[in-house]
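Engineer: Just the structure for this:
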Amino acid sequence: MSFIDPRTDFAFKKIFASAESKPILISFLNGLIYQGNPTIQDLQIIDPYQAGKLMGLKDTYLDVKATLDNGTIVVIEMQVLNVKAFEKRIAYNAAKAYANQLMTGKGYLQLDPVIALTITDFTLFNNTNKVISRFSFREEEEHFDYLFPVMTLIFVELPKFNKSLAELESLADKWIYFIKEAPSLEMVPESLETNSAIQQAFSIANSTNLSRQELDELEAQMFYFQDQQRFREEALEAGLQQGLQEGLQQGLQEGLQQGLQEGLQQGLQEGLQQGLQQGLQEGLKQGKSNLVLRLLTQKLGTLDESIQARVLQLSSAQLDSLTESLFDFNTVDNLVNWLP
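Structural biologist: Next up, the predicted model:
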């Protein structure tokens, strides 16, 4: 028996947002938001997962959205890659979910609270060892709550969770263990079988219950994450090598002009620092350009050299935007119309 990895977007939404996933999501949210108390009795999953309706590889956020029985809106994201401006995006998505209620005809008095629950596969807060961190509107000095609950940000950092199966105590422990360890298990642990919601989650995550189309989608997302991670590692290595070379060369030149002994020491330090920074940026951009071209070729076929040249001229921010947009392209004309 093998289980799909809940950390992938496809698997996370299939497990927690399928039509039959309501008991799973209720237990999951009670564990991570309400300390295991049965606060949530019912909820409505917004845009539930549907078999055969495959998601694009760019669907890396807003994995699950639900409205609780008290009206609270919960936005849940499983984030594997630590992308640029990720922290700001979380706050933006929570604020957007809060503000969008006005578009449904609600007045300010009827606005319901929003909870953004984010699970990260990387360390986000280096100044604490807490696995679950919570942020809300409070007075800075006396720490009393705002007059009305508006937005709460909750983060679960998987790398900080190191409990073994025998050490699991709370409902939150069990759900975090499931998300982190499910793909490495060959059977459902006996201590988790007693929880019907977790047992049901394992059943959905059982790879034998997936269609061929769903398995292909899961494999595509796994390849995408591996390509992204490899690109970051290659870009970092290339940037370090280029930075060292440029830094040594520039440092030696400046050092000779200022005096052999003093200049060598000062020039090497300044040159290394400047060269490393410049080399890292150029190396990251080059690696990112290569990855985008590779993804475009896989999606649209071999590209004309003039189009490749236009892609290579894009800035790092434009390449990030293109990475998210390219999975919506169906023809080369879509790409050409997108390019500046």
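Engineer: show me where this structure has strands.
Structural biologist: Under the criterion DSSP state E, strands of the chain are mapped to 43-46, 64-68, 73-79, 114-120, 132-136, 151-157.
Engineer: Show me what the second one pairs with in its sheet, parallel or antiparallel.
Structural biologist: Strand partners for strand 64-68, identified by DSSP bridges, are recorded as strand 43-46 (antiparallel), strand 73-79 (antiparallel).
Engineer: Single out the most deeply packed of those strands.
Structural biologist: Sort those by mean neighbour count, taking mean count of other C-beta atoms under 10 Å, and strand 73-79 sits at the top with a mean of 23. For the C-beta atoms, the positions are set from N, CA and C on the backbone; glycine is no exception.
Engineer: Let's test this: mean pLDDT of that one, rounded?
Structural biologist: In this model, strand 73-79 has a mean pLDDT of 93.
Engineer: ok, back up a step: okay, the strands of the chain in TSV with distance to Ser207 next?
Structural biologist: Below are the strands of the chain laid out as TSV (distance: least, C-beta to C-beta, whole Å):
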stretch	distance to Ser207
strand 43-46	23
strand 64-68	21
strand 73-79	18
strand 114-120	21
strand 132-136	29
strand 151-157	24
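Engineer: out of the ones you listed, nearest to Lys106?
Structural biologist: Taking C-beta to C-beta, strand 73-79 is the member of these nearest to Lys106, at 11.3 Å.
Engineer: chain center to that closest one, what's the gap?
Structural biologist: The chain centroid and the centroid of strand 73-79 are separated by 10 Å under C-alpha atoms, centre = their mean, to the nearest Å.
Engineer: For it, give me every contacting residue.
Structural biologist: 6-9, 12, 16, 29, 33, 43, 60-68, 86, 90, 93-94, 97-98, 101, 112-122, 179 (C-beta atoms under 8 Å, 6 or more residues apart in numbering).
Engineer: re earlier: quick one: closest of the strands of the chain to Val292.
Structural biologist: Of the strands of the chain, nearest to Val292 by C-beta to C-beta is strand 73-79, at 20.6 Å.
Engineer: Between strand 114-120 and that closest one, find me the angle.
Structural biologist: If you take axes from the mean of the first three to the mean of the last three C-alpha atoms, to 10 degrees, strand 73-79 sits at 10 degrees to strand 114-120.
Engineer: quick revisit: just the buried ones from the contacts of strand 73-79, in ChimeraX syntax?
Structural biologist: Only the buried members of the contacts of strand 73-79 end up in this ChimeraX selection, burial being decided by 16 or more other C-beta atoms under 10 Å:
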select :6,7,8,9,12,16,29,33,43,60,61,62,63,64,65,66,68,86,90,93,94,97,98,101,112,113,114,115,116,117,118,119,120,121,179
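Engineer: Nearest to Asn206 among the strands paired with strand 64-68 would be which one?
Structural biologist: Judged by C-beta to C-beta, the one of the strands paired with strand 64-68 that comes nearest to Asn206 is strand 73-79, at 18.9 Å.
Engineer: Could you list the low-pLDDT ranges of the chain?
Structural biologist: For the chain, the stretches with pLDDT under 70 are 49-62, 208-281, 283-284.
Engineer: what about the helices in it?
Structural biologist: Ranges of helices in the chain, per DSSP state H, are 9-17, 22-33, 86-99, 171-181, 190-193, 196-205, 212-258, 260-300, 305-312, 316-325, 332-338.
Engineer: what's in contact with the second one?
Structural biologist: Spelled out, that is helix 22-33. With C-beta under 8 Å, 6+ apart as the test, helix 22-33 has contacts from 15-17, 36-43, 45, 64, 66, 68, 74, 115, 117, 132, 154, 156, 170-172, 174-176, 195-198, 200-201, 204.
Engineer: and the residues you listed, which are buried?
Structural biologist: 15-17, 36, 40, 43, 45, 64, 66, 68, 74, 115, 117, 132, 154, 156, 171-172, 174-176, 195, 197-198, 200-201, 204.
Engineer: isn't Val64 right up against Ser18?
Structural biologist: No - taking contacts as C-beta atoms under 8 Å, Val64 lies outside contact range of Ser18: 10.2 Å.
Engineer: How much space separates Ser321 from Ser315?
Structural biologist: Distance from Ser321 to Ser315, counting by C-beta to C-beta, to the nearest Å: 9 Å.
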